[in-house]
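Participant: using only what follows, build the 3D model:
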Amino acid sequence: MIRAGLSSEGVPPAERFDWWFGLKSASPIATTLRSDFTDDFPVAVDHVDLGAATLTTMSYPSAEVRRTARHIRRGDPGSLQVSLTLQGLSGFEQGGRNVEFGAGNFLFYESSSPFAGWMRRMDESGAPTRSIVATLPMHLLPFPVDRLPDLVSRPLSGQDGFGALLSHFMCQVVGDPGQFGDTAAAADRLTHTLVDLVGHLAAQHLDNDLSLPAESRTRALLLRVQSHVRRHLRDPGLNPDSIAAAHHISTRYLHRLFQEQGLTVSSWIRQLRLERCRRALANPALAAVPVGAIAARWGFTRPAVFTRAFRAAYGLTPSEVRARTLLSDGSALAVNKSAPMVNDVE
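Facilitator: Numbering: from 1, shown residues only. Predicted coordinates:
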């Protein structure tokens with residue numbers, strides 16, 4: 001078992017991207033790299049070589065990677081990669097399947113077919129993207145090779161079931177491989193465990209998902225998406241991109257799901273939020289809560305935008321709806337000073 005670390009710390013900031021680009025271009029799975037952070041591209045890598053398999057943790061700014069047919073012709077080790085996103089948002093395309101997903105998800109891809117991928121920071125804080133990649137030779141595949149196309153570029157949860165076990169195992173091995181022993185026998189045991197867990201994760205997915213008719217999977221996905229939206233209506237950051245990432249699909253596919261229902265994603269979210277606001281404004285128990293606070297609770301961060309959307313939907317301003325409700329309910333004319341805060345009532 002061999003552990004090695006690699007860092008750009010000793011490389012001048014302006015040369016770090018070219019340094020990493022050269023390493024990636026010359027690696028056994030050669031790729032081309034692109035980034036908007038070429039002026040300073042800090043990289044940290046921790047690599048554990050188990051002999052037949054490897055585990056590698058990588059940390060770097062937002063970047064895009066591409067492996068072309070030309071790269072493959074120049075050299076191909078014939079391997080399966082199982083990547084776990086630890087921090088940031090990820091996207092990947094291989095075998096005609098284009099997906100986006102967030103931290104805590106696995107992705108299978110293989111070196112013998114072209115692919116393209118990206119990782120992005122979650123925000124402008126400067127926190128890097130982070131991932132762990134397990135690399136297995138094809139002869140160790142723990143499932144039939146003809147099922148590989150069903151698995152590549154299809155995110156799998158690393159937060160439950162066998163995904164959670166595999167995630168914990170990979171983090172433990174990369175974090176402190178010495179705890180398992182520093183012998184060839186220990187490396188073999190770790191390789192066997194890795195292969196077994198990858199196989200169980202693959203089998204869990206193949207058994208539970210691909211046995212369903214495509215129409216049923218689409219309908220179930222739409223229901224999950226709608227449930228997710230209702231649970232996160234209060235989040236101002238709820239948008240098509242975040243919804244798609246949470247469900248491991250591309251934003252384009254998400255829009256297509258809603259178009260088939262005669263809806264758009266953004267208009268449906270706005271409709272739900274406006275209805276929640278209308279209910280709150282018509283609730284005498286919330287008469288003391290400012291209109292702006294109610295709007296903010298349901299994800300409207302700009303009062304003017306909220307007022308215009310509300311009036312377009314209901315023909316009245318939010319204040320007018322509230323006033324009409326209070327006038328129609330004599331008991332509400334005297335505002336209850338002990339009325340609950342806006343977060344206390346749905």
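Participant: what segments of the stretch 51-200 of the chain are strands?
Facilitator: 54-60, 63-67, 79-87, 89-94, 97-101, 105-110, 115-120, 129-137, 156-157 (DSSP state E, counting those that start in this stretch).
Participant: out of the ones you listed, which gets nearest to F306?
Facilitator: strand 89-94 (27.9 Å; Cβ to Cβ). Yep, even glycine has a C-beta here, placed from its N, CA and C like the rest.
Participant: skip ahead from the lowest-mean-pLDDT helix or strand in the chain and say which helix or strand is next.
Facilitator: Least confident helix or strand of the chain, by mean pLDDT, DSSP states H and E, is helix 214-231 with a mean of 75. Using DSSP states H and E, the next helix or strand after helix 214-231 towards the C-terminus is helix 240-246.
Participant: quick one: the spatially most central residue of the chain and V65, what's the gap?
Facilitator: In the chain, the residue lying closest to the centroid (Cα atoms, centre = their mean) is G102, at 1.4 Å. According to Cβ to Cβ, to the nearest Å, G102 stands 18 Å off from V65.
Participant: just to revisit the earlier point, wait, the residue nearest to the centre of the chain sits on G91?
Facilitator: No - look at G102 against G91 with Cβ atoms under 8 Å: they stay out of range, at 10.5 Å.
Participant: overlap in contacts, these two.
Facilitator: Counting by Cβ atoms under 8 Å, 6 or more residues apart in numbering, G102 and G91 have no common neighbour.
Participant: about what we covered before: quick one: which of the strands of the stretch 51-200 of the chain is nearest R34?
Facilitator: Evaluated with Cβ to Cβ, the strands of the stretch 51-200 of the chain place strand 63-67 nearest to R34, the distance being 4.6 Å.
Participant: what's that closest one in contact with?
Facilitator: Residues contacting strand 63-67 (Cβ under 8 Å, 6+ apart): 24, 29-35, 37, 41, 111, 114-119, 129.
Participant: hmm, 10 Å instead?
Facilitator: Applying Cβ atoms under 10 Å, 6 or more residues apart in numbering, the contact partners of strand 63-67 are 17, 20-21, 24, 29-38, 41, 43, 76, 91-94, 109, 111-120, 129.
Participant: what pairs with it, and is each one parallel or antiparallel?
Facilitator: For strand 63-67, the paired strands and their directions (DSSP bridges) are strand 32-34 (antiparallel), strand 115-120 (antiparallel).
Participant: just say which of the ones you listed is most tucked in.
Facilitator: Stretch with highest mean neighbour count among those: strand 115-120 (a mean of 20; mean count of other Cβ atoms under 10 Å).
Participant: under the pLDDT cut-off, which ranges of the stretch 101-250 of the chain? List them.
Facilitator: 123-125, 207-217, 220 (pLDDT under 70).
Participant: follow-up on the earlier one: let's have the strands of the stretch 51-200 of the chain in a markdown table, adding distance to S250.
Facilitator: Output for the strands of the stretch 51-200 of the chain, formatted as a markdown table (distance: least, Cβ to Cβ, whole Å):
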| stretch | distance to S250 |
| --- | --- |
| strand 54-60 | 23 |
| strand 63-67 | 15 |
| strand 79-87 | 16 |
| strand 89-94 | 8 |
| strand 97-101 | 5 |
| strand 105-110 | 13 |
| strand 115-120 | 12 |
| strand 129-137 | 19 |
| strand 156-157 | 16 |
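Participant: deepest of those strands, which one?
Facilitator: Taking mean count of other Cβ under 10 Å, strand 105-110 is the most buried of those, at a mean of 24.
Participant: list the helices and strands it packs on?
Facilitator: If you count contacts as 3 or more Cβ pairs under 10 Å, 6 or more residues apart in numbering; DSSP states H and E, strand 105-110 packs onto strand 79-87, strand 89-94, strand 97-101, strand 115-120, strand 129-137, strand 156-157, helix 161-175, helix 184-208.
Participant: how much does the longest one deviate in direction from strand 105-110?
Facilitator: Orientation of helix 184-208 against strand 105-110 (axes from the mean of the first three to the mean of the last three Cα atoms, to 10 degrees) gives an angle of 100 degrees.
Participant: elements contacting helix 184-208?
Facilitator: Looks like helix 184-208 contacts strand 44-49, strand 54-60, strand 79-87, strand 105-110, strand 129-137, strand 156-157, helix 161-175 (3+ Cβ pairs under 10 Å, 6+ apart).
Participant: pull out the buried positions in it.
Facilitator: 186-187, 190-191, 193-195, 197-202, 204-205 (16 or more other Cβ atoms under 10 Å).
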